[in-house]
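In: can't give you the sequence, but here's the structure:
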């Protein structure tokens, strides 16, 4: 996005080294647990019911880790830094504040969530079709 300064406020910058675990499935979200990728590459790993893990790779200008803090639930996925990565992070209250003063942050967040939902719908829709025996 053009004006990062407009929405990179009310939080903190943090760096993760390559291979670092950002969070694991089942852990409770901590303070500053909503992430915006400034630089680097993140792998979100979604565990499927059959034991397989579905990877989703996120690049700069992506927001992740948003669902669980907002719903006060444990993490649904694993997240790893695939290369040295720089993030901007918020706790829930400051994320609300930052997104209320910046339509760009709200747009990026909604876009990221809908992308994830489209991928999950396609993945589970395909599996459901295979279970039912659909050939189309």
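Out: Happy to help now that I have it. It should be emphasised that the depicted structure is a prediction, and the values quoted were computed from it without experimental measurement.
In: Can you pull the phi/psi pair for the residue most central in space within the chain?
Out: The chain has residue 64 as the residue nearest its centroid, 2.0 Å off, counting by CA atoms, centre = their mean. Main-chain torsions, residue 64, degrees, to the nearest 10: phi -150, psi 170.
In: right, and it touches residue 111 too?
Out: No - proximity of residue 64 to residue 111 does not meet the contact threshold set by CB atoms under 8 Å, at 11.7 Å. From N, CA and C alone the C-beta is placed, and that goes for glycine too.
In: can you list the weak-confidence ranges in this structure?
Out: 1-5, 49, 123-136 (pLDDT under 70).
In: which stretches of it form strands?
Out: 12-16, 21-23, 34-39, 42-47, 53-58, 63-64, 78-81, 85-90 (DSSP state E).
In: and the fourth one, what does it pack onto?
Out: In other words, strand 42-47. In terms of contacts (3 or more CB pairs under 8 Å, 6 or more residues apart in numbering; DSSP states H and E), strand 42-47 is packed against strand 53-58, strand 78-81.
In: quick one, which of the strands of the chain is nearest to residue 119?
Out: Comparison of the strands of the chain against residue 119 by CB to CB identifies strand 53-58 as nearest, at 6.3 Å.
In: in its sheet, what does that closest one sit against?
Out: Strand 53-58 pairs in its sheet with strand 42-47 (antiparallel), by DSSP bridges.
In: any chance of the helices and strands packed on strand 42-47 in JSON lines, plus distance to residue 104?
Out: JSON lines is the format used below for these (distance: least, CB to CB, whole Å):
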{"stretch": "strand 53-58", "distance to residue 104": "17"}
{"stretch": "strand 78-81", "distance to residue 104": "22"}
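In: Just tell me which of those strands ends up closest to residue 17.
Out: Nearest of the helices and strands packed on strand 42-47 (CB to CB): strand 78-81, 6.7 Å.
In: about what we covered before: of the strands of the chain, flag the one that's most buried.
Out: strand 63-64 (a mean of 24; mean count of other CB atoms under 10 Å).
In: Quickly run through the sheet partners of it, with directions.
Out: strand 34-39 (antiparallel).
In: Right, I'll leave it there.
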